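In: return a 3D structure for these sequence lines:
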Amino acid sequence: MVDVSVLILAKNEERNIEDCIKSCSFAQEIIVIDDYSIDATKVISEGLGARVIQRGMNGDWGGQQTFAIQQASNKWIFFLDADERVTKSLASAICDAVIKDEKNAYWIERKNKFHYNNAEHGVLRPDWVCRLMPAEGSHVEGYVHPAIVTPYPNKKLNGFMYHYTYDNWDQYFCKFNNYTKLAAEKYKKQSKKCSFFKDIVLRPMWAFIKVYLLQGGFLDGKIGWILSVNHYFYTMNKYVKLYYLYKSNGKL
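Out: Numbers count the residues shown, from 1 in each chain. Okay, here's the model as predicted:
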C-alpha cells in the first residue's frame, strides 16, 4: 500500500461499491462520502475497510468533493467514482507516482462502457480525467461536471480505468433527466444566454454531427446511432429547460 487517500462519492451504490473499493487495494486509505444512502452502501463499504462519512450533497458535486479532500489523511489524493474501476496497470502507475512524490496533477485515461452494449466511439469514446494530485491547495468547483482546481502542472499517467456508465436504459434516462435539469440550473446561475434558434434548433444538430460523424459514433453501428441521437436530445433538453427557466421569470 502507498500513502494515498482514495476519495469516493456515493449514494445508493450497493451494486457498484464493492468492486470499486476492491480495485483500490493499493491505497493506504479509502474514504467514502455517502449521501445518506438508503441501501447497503455504507455497510458494504465499512465491511471492506473504508472510512464512511455521511453528508448530504444537495446537488453540489464540487462542494462534496472539496469536503472529501479535507477529510484525507494522506498527502496524495485520488478521486474515483463508484461506477469506476482501477486496472492493475493504473494501480501500478499510481503507486510509482506517489512514491516519486513529484507535485503534479495527473490525468488518467477512462474507458467508458455501457453494460451489454459494445460501443467505443462517439459519446462513449475514451476520455481523460484529472484524478491524482497532492491534497494541499486543491479543491473542486461546480455543480454539474465539476472542475478540479489545483496549482500543480498537468501530466498524463500510464494505465487506464474503466467507467461503467449505465446498467440499463431506465438508469440512463433517469440520469438524462437529472443532468439536463442540473445543467439548466447551472447555466441560469451563470446568467448564460439562451437563444431559441441558436441553442435549441442549431446546437443539438451540431452536437449530433460531432459525436456521430466527427467522433466516430457511426463505427459502433446501431448503438452508436442510438447514443448519438440521444446526445442530440440531451443537448436540446438542457437548453429547453434553461429557456423556460428564463421564460417563467419573464426574462424572455
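
In: alpha carbons only for contacts and neighbour counts from here, please
Out: Fine.

In: what are the ranges of the strands in the stretch 51-200 of the chain?
Out: Ranges of strands in the stretch 51-200 of the chain, per DSSP state E, counting those that start in this stretch, are 51-54, 76-81, 84-86, 105-114, 127-134, 139-141, 147-149, 154-166.

In: now, of the ones you listed, which is deepest in the fold?
Out: strand 84-86 (a mean of 24; mean count of other C-alpha atoms under 10 Å).

In: what does that strand rub up against?
Out: Contact with strand 84-86 is made by 19, 20, 23, 24, 160, 161, 162, 163, 164, as judged by C-alpha atoms under 8 Å, 6 or more residues apart in numbering.

In: same thing but at 7 Å, please
Out: Contacting residues not belonging to strand 84-86 are listed as 20, 23, 24, 161, 162, 163, 164 [C-alpha atoms under 7 Å, 6 or more residues apart in numbering].

In: next one: it to chain centre, how far?
Out: 12 Å (C-alpha atoms, centre = their mean, to the nearest Å).

In: same deal with stretch 244-252?
Out: The mean C-alpha position of stretch 244-252 is separated from the chain mean by 30 Å, C-alpha atoms, centre = their mean.

In: of all the contacts of strand 84-86, which comes closest to residue 97?
Out: residue 24 (15.1 Å; C-alpha to C-alpha).

In: list the contacts for the residue lying closest to residue 17 once chain neighbours are set aside?
Out: The spatially closest residue to residue 17, leaving aside those adjacent along the chain, is residue 82, at 5.5 Å (C-alpha to C-alpha, 6 or more residues apart in numbering). By C-alpha under 7 Å, 6+ apart, the contact set of residue 82 is 8, 9, 10, 13, 16, 17, 20.

In: now these as TSV including pLDDT?
Out: Output for those, formatted as TSV (pLDDT from 0 to 100):
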residue	pLDDT
8	98
9	97
10	97
13	96
16	94
17	97
20	97
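
In: closest to residue 228 among those residues?
Out: For the contacts of residue 82, with residue 228 as the reference and C-alpha to C-alpha as the criterion, the closest is residue 16, at 26.2 Å.

In: how is the protein divided into domains?
Out: Using automatic domain parsing, the domain parsing of the chain gives 2-166, 169-248.

In: could I get the full set of helices for this protein?
Out: 17-22, 41-47, 61-71, 88-100, 169-189, 203-209, 221-248 (DSSP state H).

In: what about the stretch 1-150 of the chain, any weak spots by pLDDT?
Out: 116, 144 (pLDDT under 70).

In: show me the contacts of residue 82 that map onto strands.
Out: If you go by DSSP state E, the contacts of residue 82 have 8, 9, 10 in strands.

In: I figured the first one hits residue 34, correct?
Out: Same thing as residue 8. No. Checked against C-alpha atoms under 7 Å, the pair residue 8 and residue 34 is beyond contact range at 8.4 Å.
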